[in-house]
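Enquirer: Quick one, what's the 3D model for this:
(chains A and B)
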2 protein chains.
Amino acid sequence: MSRRPGKLRLGLSLQHAGYHAAAWRLPEVPRHANLDWQYYLRSAQAAERGKFDMIFFADGVAVRENLDDREVLARTPSVVNLEPLTLLSALATHTRHIGLVGTASTTYNEPYHIARKFASLDHISGGRAAWNLVTSWSLGEARNFGRDTPLDYDSRYARAREFARVVHGLWNSWEDDAFVEDKQSGLFFDPDKLHVLGHQGEHFSVQGPLNLSRTPQGRPLICQAGKSPAGQEIAAESADFVFTADHSIEDGQAYYREVKGRLAQHGRHPGQLLILPGVVPIVGRSEQEAQDKFGRLQELIDPKIGLSLLALLGDLSAYPLDGPLPPIHDYGEMASVARLIEQRARKDNLSIRQLYQAIAASRGHRTLVGSAEQVADDLQAWFEAEAADGFNIAAPYLPGAVDDFVDLVIPELQRRELFRREYEGTTLRQNLGLDYPEHPRSTPTHADH
Amino acid sequence: MSRRPGKLRLGLSLQHAGYHAAAWRLPEVPRHANLDWQYYLRSAQAAERGKFDMIFFADGVAVRENLDDREVLARTPSVVNLEPLTLLSALATHTRHIGLVGTASTTYNEPYHIARKFASLDHISGGRAAWNLVTSWSLGEARNFGRDTPLDYDSRYARAREFARVVHGLWNSWEDDAFVEDKQSGLFFDPDKLHVLGHQGEHFSVQGPLNLSRTPQGRPLICQAGKSPAGQEIAAESADFVFTADHSIEDGQAYYREVKGRLAQHGRHPGQLLILPGVVPIVGRSEQEAQDKFGRLQELIDPKIGLSLLALLGDLSAYPLDGPLPPIHDYGEMASVARLIEQRARKDNLSIRQLYQAIAASRGHRTLVGSAEQVADDLQAWFEAEAADGFNIAAPYLPGAVDDFVDLVIPELQRRELFRREYEGTTLRQNLGLDYPEHPRSTPTHADH
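Expert: Sure thing, here's the model as predicted:
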């Protein structure tokens, strides 16, 4: 494998009626769309038609918005969602190539459950499962799992790091060819190829083995999305790709270098961790058509929702909507995201209204509004500047924005030889150009990968 | 609804290559069948063709067999299995009528996760999800979740009972018609129809709400399989049906009366909890054909596996295989099951070998070997004697034994007017003849069910 993939990698982020906060209000989005697996299937199949590497579902284990502010809450479509593992499993059997990335938290969960469910999805999908490893920072989540307050940052990440190690260990409970299933002799598996984990750590004691075979990808892939130093460390140690957010090529390059630079100390090379910044594309046959599509969405943003999207910066309701962002004194638990949002306002001199409109469209990612050529130019520039190995495309509304990207931008990227015309392999790992992980204890005479 | 269903209810238990311990050794079973969702789909579709009410997957969160006895372990096909929620979600989208019953333990899990995943499956399947509520008794499971020993019986069941209450509460986080999704006004849901649980109990503190709407069945159904008094109490309080095991009509009647008798104190009537004993049918076009099929399976049982199936009775390896079962002094944690196994040996004067052959075929359930008429006679007798509302059919091998039951026994039951010819409704709840659960806090003017 080359140390840097020759073509860019593309994930597609699907959620609610789309990534844009007002997407559900578009007339073409059916009511209750976010409870309908077939609504997401249309986008998944469009992504597969466009040769995307993977689809991705974000998730939390709570209504994370403020329950006491019912007026805002009642205007928030993200309060209910299908659970990613069950949804991805349904989508797996109606797609053939697309990778399936689901979010699950390490904070209020157990490694055995996560190892098992993602391994099961990897078997069901024939090697297309990936786990987006997150920690749970919200008060709402804490209160659903017996706590009055969230775990602090250090505790969350210490737990997450050990959690990932245990999951890795469980996924290696069996060697690839352990299951001989010899009907004649009655031997179901070769007992020398079973490895009992016996993990005893600070946060977890997990004996193993996992009651599921090693998976088609060797193990499911792991994605990490935290930008903080501890998040980067988990990514460098355990992840195969990261979803990130940067607003300038320079920031993207700096992050790219920093994360890739952490790999060597874990015995890994730069090609083993792909950096995929998020972008929210609104594409038209012309720039004007794209701007019109964007304007239609922006007009649908309720001001109450707008202010709630800036809640990471504190309560701004006392300030005029068309005035500037006041100084921020407390960045709270999600400081890295809050600082990104603030930077954005300062850089472009945005009013509070302009800031929340920008956030509603992209929620921390870059919004790209333009023609296919303009969007492709931007992606190409980031890719060639080594600010990205590819992108996580957050579709602003479903399935229309997915179709637009597939019909307009993908052919342009293909013309530029930046993106595949056919899938290279049958697993997500193969399509991403990542090496198959040999079992750490496999005996050379039997290893045949 | 009548207080007793007029027709019997049928579940189909699917696991490994079949319920019989040697099923995987049959020449027609493909290797790695138990990792192939399409292998199970063939049985699910056959069950649907036969108008079964539901399919069921048992599960545990460990390799529960003795890890130190590698010789037995290596001959045990149940060591690896797909995880039920992901598997059922895949099957849901390729079936239209069949109910989907998955097992999940209350012992090493959190109510929020279970409420969410089964609610998600209920949405994905259009109202066909059911949760088989179990507790985890095994050492293997304890050791995968940070414990040196299993939780004791009382603690497991106290936790399970509160767990079920919390899950019920979370499923009622939203009224049926809470999500107005008014695009014009921007109101996504009616805030008066959100109910925050705020549970504070001995084992759990769970704020809620669930981040998923009320489901097509009002809530997923609940199954309970414990025969012990605490298990019966959970069933009487929370379950919609029970999977049980009795070996004579008289025992079945006694159990039936006992469990149904517990319902009134929870404000429920006898028709609200269905009793479904397990049976393992081996059906032929004649009794002889059935016996031949049975013999072919029994011959494939490895003696090492045979003795391991009797492990609940202690270590029997020092006793002659063709001699009688020695006296049992310690019935261990699963005493109710162990006693059933022992009773069986004593009643029919079985040798150890005969006992393990009988157990391998049925594992605690009754094996019915015979023609369609003979099998139907037995089921009819139990049903009419009020020893059962229906049956959980454990298919001894897949998919052949499912096809046999569907092609031979189902038409015979239909001829006798004991079983449906068409599905009555679109949800599992409707097919089972169970009432829709009105939301406990719904306002009458809006309740439209």
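
Enquirer: Would stretch A:412-431 count as contacting chain B?
Expert: No. Residues of stretch A:412-431 contacting chain B under C-beta under 8 Å from any C-beta of the partner chain: none, with a closest distance of 14.9 Å. Placement of C-beta: from N, CA and C, glycine included.

Enquirer: Tell me the buried residues in that stretch?
Expert: Residues A:412, A:413, A:414, A:418, A:419, A:420, A:423, A:427, A:428, A:429, A:431 are the ones in stretch A:412-431 that count as buried (16 or more other C-beta atoms under 10 Å in any protein chain shown).

Enquirer: What mean pLDDT does it get?
Expert: This predicted structure assigns stretch A:412-431 an average pLDDT of 96.

Enquirer: Report how many residues lie close to residue A:339.
Expert: Residue A:339 is surrounded by 15 other residues when neighbours are defined as other C-beta atoms under 10 Å in any protein chain shown.

Enquirer: wait, doesn't it sit right on residue A:331?
Expert: Yes. The pair formed by residue A:339 and residue A:331 meets the contact definition of C-beta atoms under 8 Å, at 6.1 Å.

Enquirer: what sits in contact with each of these two?
Expert: Common neighbours of residue A:339 and residue A:331, using C-beta atoms under 8 Å, 6 or more residues apart in numbering or on different chains, do not exist here.

Enquirer: Show me where the stretch 251-400 of chain A has its strands.
Expert: A:274-284, A:366-371, A:390-394 (DSSP state E, counting those that start in this stretch).

Enquirer: Can you say which of the ones you listed is packed in most?
Expert: Neighbour counts (mean count of other C-beta atoms under 10 Å in any protein chain shown) averaged over each of the strands of the stretch 251-400 of chain A peak at strand A:390-394, with a mean of 27.

Enquirer: That strand - contacts with which helices or strands?
Expert: Applying 3 or more C-beta pairs under 8 Å, 6 or more residues apart in numbering or on different chains; DSSP states H and E, one finds that strand A:390-394 contacts strand A:9-13, strand A:274-284, helix A:372-384.

Enquirer: Distance to chain B added to those, as JSON lines?
Expert: What follows is the helices and strands packed on strand A:390-394, written out as JSON lines (distance: least, C-beta to the nearest C-beta, whole Å):
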{"stretch": "strand A:9-13", "distance to chain B": "18"}
{"stretch": "strand A:274-284", "distance to chain B": "20"}
{"stretch": "helix A:372-384", "distance to chain B": "28"}
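
Enquirer: These: which one's closest to residue B:404?
Expert: With C-beta to C-beta as the measure, strand A:9-13 is the member of the helices and strands packed on strand A:390-394 nearest residue B:404 (45.0 Å).

Enquirer: Which single one of the buried residues of stretch A:412-431 is nearest to residue B:218?
Expert: Sorting the buried residues of stretch A:412-431 by distance to residue B:218 puts residue A:428 at the head of the list, at 37.4 Å, by C-beta to C-beta.

Enquirer: isn't that closest one right next to residue A:129, touching?
Expert: Yes. Applying C-beta under 8 Å as the test, residue A:428 and residue A:129 come out as touching, 7.4 Å apart.

Enquirer: any shared contact partners between these two?
Expert: Common contacts of residue A:428 and residue A:129, defined by C-beta under 8 Å, 6+ apart, comprise A:99, A:100, A:217, A:221.

Enquirer: what is the first one paired to in the beta sheet?
Expert: In this case it means residue A:99. Counting by DSSP bridges, residue A:99 is bridged to residue A:54.

Enquirer: Please give the number of neighbouring residues around it.
Expert: Taking other C-beta under 10 Å as the criterion, the count of residues near residue A:99 is 31.

Enquirer: could you measure it against residue A:125, distance?
Expert: According to C-beta to C-beta, to the nearest Å, residue A:99 and residue A:125 sit 8 Å apart.

Enquirer: Repeat that for the third one.
Expert: Separation of residue A:217 from residue A:125 (C-beta to C-beta): 9 Å.

Enquirer: what about residue A:320, neighbour count?
Expert: The burial count assigned to residue A:320 is 10, neighbours taken as other C-beta under 10 Å.

Enquirer: which residues does it contact?
Expert: When contacts are counted by C-beta under 8 Å, 6+ apart, residue A:320 touches residue A:352.

Enquirer: repeat for the one 3 residues further on
Expert: Contacts here follow C-beta under 8 Å, 6+ apart; on that basis residue A:323 touches A:351, A:352.

Enquirer: Point out where chain A drops to low pLDDT.
Expert: In the predicted model, chain A carries pLDDT under 70 at residues A:1-6, A:443-449.

Enquirer: Can you check which helix is longest in it?
Expert: When chain A is parsed with DSSP state H, its longest helix is helix A:153-171.

Enquirer: Give me the distance between the next helix or strand after that helix and the centre of its chain.
Expert: Sequence-wise, the next helix or strand downstream of helix A:153-171 (DSSP states H and E) is strand A:199-200. For strand A:199-200, the distance between its averaged C-alpha position and the chain's averaged C-alpha position is 29 Å (C-alpha atoms, centre = their mean, to the nearest Å).

Enquirer: what's the neighbour count on residue A:46?
Expert: So residue A:46, with other C-beta under 10 Å, has 24 neighbours.

Enquirer: what does residue A:68 give?
Expert: When neighbours are counted by other C-beta under 10 Å, residue A:68 registers 8.

Enquirer: how far away is it from chain B?
Expert: Counting by C-beta to the nearest C-beta, to the nearest Å, the gap from residue A:68 to chain B is 10 Å.

Enquirer: mind checking the SS state of that residue?
Expert: Secondary structure state of residue A:68, per DSSP: H, G, I helix; E, B strand; the rest coil, is coil.

Enquirer: Run through the residues that contact the residue lying closest to residue A:356 once chain neighbours are set aside.
Expert: By the measure of C-beta to C-beta, 6 or more residues apart in numbering or on different chains, the closest residue to residue A:356 outside its immediate chain neighbours is residue A:306, 3.4 Å from it. If you count contacts by C-beta under 8 Å, 6+ apart, residue A:306 has them with A:321, A:353, A:356, A:357, A:359, A:360.

Enquirer: if we go to 7 Å?
Expert: Neighbouring residues of residue A:306 by C-beta atoms under 7 Å, 6 or more residues apart in numbering or on different chains: A:353, A:356, A:357, A:360.

Enquirer: ditto for residue A:76
Expert: Contacts here follow C-beta under 7 Å, 6+ apart; on that basis residue A:76 touches A:65, A:305, B:188.

Enquirer: Over to residue A:292?
Expert: Counted by C-beta under 7 Å, 6+ apart, residue A:292 has zero contacts.

Enquirer: If we use 10 Å, what do you get?
Expert: When the contact criterion is C-beta atoms under 10 Å, 6 or more residues apart in numbering or on different chains, the partners of residue A:292 are A:282, A:284, A:286, A:369.

Enquirer: next one: residue A:381
Expert: Applying C-beta under 10 Å, 6+ apart to residue A:381 gives the contacts A:249, A:252, A:387, A:388.

Enquirer: Kindly report the same for residue A:305.
Expert: If a contact means C-beta under 10 Å, 6+ apart, then residue A:305 has A:21, A:22, A:65, A:72, A:73, A:75, A:76, A:77, A:356, A:360, B:186, B:188 as its contacts.

Enquirer: Go ahead and confirm the first one touches residue A:302.
Expert: Spelled out, it's residue A:21. Yes. The pair residue A:21 and residue A:302 qualifies as a contact (C-beta atoms under 10 Å) at a distance of 8.4 Å.

Enquirer: Compare these two (neighbour count), which wins?
Expert: Neighbour totals were compared for residue A:21 and residue A:302, and residue A:21 leads with 29 against 20 (other C-beta under 10 Å).

Enquirer: residues in the stretch 251-400 of chain A within reach of chain B, list them.
Expert: The interface of the stretch 251-400 of chain A toward chain B, taken as C-beta under 10 Å from any C-beta of the partner chain, is made up of A:300, A:301, A:302, A:303, A:304, A:305.
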